[in-house]
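S.K.: this one's structure only:
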């Protein structure tokens with residue numbers, strides 16, 4: 001855990017945003033932050049990773065035109081390191097985490113501050129409302145918003161306000177962050193879940209408010225999506241190694257699917273080579289192939305549902321849903337067996353991002 005320089009922050013709001021290779025998204029994200037109407041002073045602290053697509057130059061240009069924007073370096077390029085650097089550099093008593101791949105809805109900050117005060121919570125979050133532009137990204141966004149895609153966490157579509165396990169992005173009291181120790185810089189993904197675990201263990205509340213909405217733009221290609229989900233799964237496996245049963249049961253469904261596919265493939269080979277046959281083969285077929293058939297039918301049902309979009313989006317859904325589950329599951333198994341180690345989300349590396357309209 002990083003050492004904390006505890007100060008007495010002034011009343012106000014500090015938005016903190018880690019940034020790496022987000023030139024196509026950064027200006028829109030920054031604009032949505034600066035457009036928030038507040039009665040308190042506010043600032044936006046950008047933690048700049050070593051981008052290769054001109055993001056850093058754009059950030060400096062934006063900062064030169066608006067004194068509310070401040071810049072700090074994040075040479076490690078890791079999200080929790082950048083968040084901690086931005087938080088340490090911040091001046092105000094409320095920290096609002098934002099992401100360069102997201103856009104805050106109008107009134108988000110004011111509503112969040114009201115909820116923070118009303119609930120007495122240490123951290124408040126809302127709904128991650130995924131959106132897309134291309135048929136592929138729209139398919140991904142739809143699955144992000146579906147319990148079939150990401151397992152039904154409150155921030156993926158919950159409607160009931162109340163206490164929560166974690167919070168998407170998060171609107172946090174700086175005094176509580178100082179108390180529990182900021183983000184754990186040894187955790188590359190899932191750092192928000194781990195922080196919220198410590199917040200709850202310290203006797204504070206984490207709160208979900210469905211009236212808070214943040215637009216999130218998913219990855220723009222199949223390869224980027226697979227990389228992202230593999231890295232996320234690996235770090236969830238690492239969190240299972242560290243915290244065991246504190247992780248929800250839903251996290252074990254994707255690795256269960258991976259195991260089922262692997263065992264079914266092995267059974268198929270044994271059947272083809274006549275190592276197993278007769279009644280035993282029928283039993284194995286029922287145990288292995290029927291659950292896979294049910295899964296395939298589920299994928300097809302999701303793709304063909306009335307909200308499935310156009311033909312290309314529906315076809316991408318058939319590809320995207322198993323990609324999300326299997327990539328995450330493979331990463332999870334690796335993370336549990338050997339730890340996440342130096343696994344990083346390589347989906348942000350490179351220079352090809354789909355521009356916003």
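M.R.: Received it, and whenever you're ready, just let me know what you need. Everything quoted here is computed from the prediction, not taken from an experiment.
S.K.: going forward, measure contacts between C-alpha atoms and count neighbours the same way
M.R.: OK.
S.K.: in the stretch 51-200 of the chain, where is pLDDT below threshold?
M.R.: 151-158 (pLDDT under 70).
S.K.: any chance you could map the helices in it?
M.R.: Ranges of helices within the stretch 51-200 of the chain are 55-65, 79-89, 108-119, 135-144, 147-150, 174-180, 191-201, based on DSSP state H, counting those that start in this stretch.
S.K.: so which of those helices is nearest residue 287?
M.R.: helix 147-150 (22.2 Å; C-alpha to C-alpha).
S.K.: circling back to that earlier point, can you put the helices of the stretch 51-200 of the chain in a markdown table and add distance to residue 287?
M.R.: Output for the helices of the stretch 51-200 of the chain, formatted as a markdown table (distance: least, C-alpha to C-alpha, whole Å):
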| stretch | distance to residue 287 |
| --- | --- |
| helix 55-65 | 51 |
| helix 79-89 | 42 |
| helix 108-119 | 48 |
| helix 135-144 | 28 |
| helix 147-150 | 22 |
| helix 174-180 | 47 |
| helix 191-201 | 35 |
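S.K.: roughly how far is the helix or strand hosting residue 227 from the heart of the chain?
M.R.: For residue 227, the host element (DSSP states H and E) is helix 222-243. In terms of C-alpha atoms, centre = their mean, to the nearest Å, the centre of helix 222-243 is set 10 Å apart from its chain centre.
S.K.: ok, now stretch 273-283?
M.R.: In terms of C-alpha atoms, centre = their mean, the centre of stretch 273-283 is set 43 Å apart from its chain centre.
S.K.: please apply the same query to stretch 272-288.
M.R.: 41 Å.
S.K.: mean confidence for that stretch?
M.R.: Averaging pLDDT along stretch 272-288 yields 90.
S.K.: list the buried residues in that stretch.
M.R.: 276, 281, 284-285, 288 (16 or more other C-alpha atoms under 10 Å).
S.K.: quick check: helices, which of those residues are part of them?
M.R.: Among these, the members found in helices (DSSP state H) are 281, 284-285, 288.
S.K.: what about stretch 35-55, how long is it end to end?
M.R.: Stretch 35-55 has an end-to-end distance of 21 Å (C-alpha to C-alpha, to the nearest Å).
S.K.: ditto for stretch 12-28
M.R.: End-to-end distance of stretch 12-28 (C-alpha to C-alpha): 23 Å.
S.K.: now residue 43, what's its secondary structure?
M.R.: Secondary structure for residue 43, judged by DSSP: H, G, I helix; E, B strand; the rest coil, is strand.
S.K.: now the strands for the chain?
M.R.: Remark: strands assigned in the chain by DSSP state E are 10-19, 42-48, 69-73, 92-97, 102-104, 123-130, 162-163, 171-173, 206-216.
S.K.: can I get these in CSV including mean neighbour count and distance to residue 308?
M.R.: What follows is these, written out as CSV (neighbours: other C-alpha atoms under 10 Å; distance: least, C-alpha to C-alpha, whole Å):
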stretch, mean neighbour count, distance to residue 308
strand 10-19, 23, 32
strand 42-48, 26, 36
strand 69-73, 19, 40
strand 92-97, 23, 31
strand 102-104, 24, 23
strand 123-130, 26, 15
strand 162-163, 15, 30
strand 171-173, 24, 33
strand 206-216, 22, 19
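S.K.: can you put the ones you listed in TSV and add distance to residue 300?
M.R.: As requested, the strands of the chain are exported to TSV (distance: least, C-alpha to C-alpha, whole Å):
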stretch	distance to residue 300
strand 10-19	36
strand 42-48	41
strand 69-73	46
strand 92-97	36
strand 102-104	29
strand 123-130	21
strand 162-163	34
strand 171-173	38
strand 206-216	25
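S.K.: wait, which of these is closest to residue 344?
M.R.: Nearest to residue 344, of those and by C-alpha to C-alpha, is strand 10-19 at 14.8 Å.
S.K.: show me what that closest one is packed up against.
M.R.: Counting contacts by 3 or more C-alpha pairs under 8 Å, 6 or more residues apart in numbering; DSSP states H and E, strand 10-19 packs against strand 42-48, helix 79-89, strand 92-97.
S.K.: contacting residues for the closest residue to residue 264 other than its chain neighbours?
M.R.: Spatial nearest neighbour of residue 264, chain neighbours left out: residue 288 (5.3 Å); criterion: C-alpha to C-alpha, 6 or more residues apart in numbering. Contacts for residue 288 (C-alpha atoms under 8 Å, 6 or more residues apart in numbering) come out as 260, 263-264.
S.K.: highest neighbour count among those?
M.R.: residue 264 (19 neighbours; other C-alpha atoms under 10 Å).
S.K.: and which of the buried residues of stretch 272-288 is nearest to residue 168?
M.R.: After measuring the buried residues of stretch 272-288 against residue 168 - C-alpha to C-alpha - the closest member comes out as residue 288, at 36.3 Å.
S.K.: separation between that closest one and residue 186?
M.R.: Relative to residue 186, and taking C-alpha to C-alpha, residue 288 is found at 38 Å.
S.K.: who's in contact with residue 277?
M.R.: So residue 277 contacts residue 271 (C-alpha under 8 Å, 6+ apart).
S.K.: how does it look with 10 Å?
M.R.: Contact analysis of residue 277 by C-alpha atoms under 10 Å, 6 or more residues apart in numbering lists 270-271, 283-284.
S.K.: measure it to residue 260 for me?
M.R.: Distance, residue 277 to residue 260, using C-alpha to C-alpha: 20 Å.
S.K.: residue 145 too?
M.R.: Remark: distance between residue 145 and residue 260 (C-alpha to C-alpha) = 25 Å.
S.K.: ok, residue 150 next?
M.R.: 19 Å.
S.K.: equivalent analysis for residue 83, please.
M.R.: In terms of C-alpha to C-alpha, residue 83 sits 38 Å off from residue 260.
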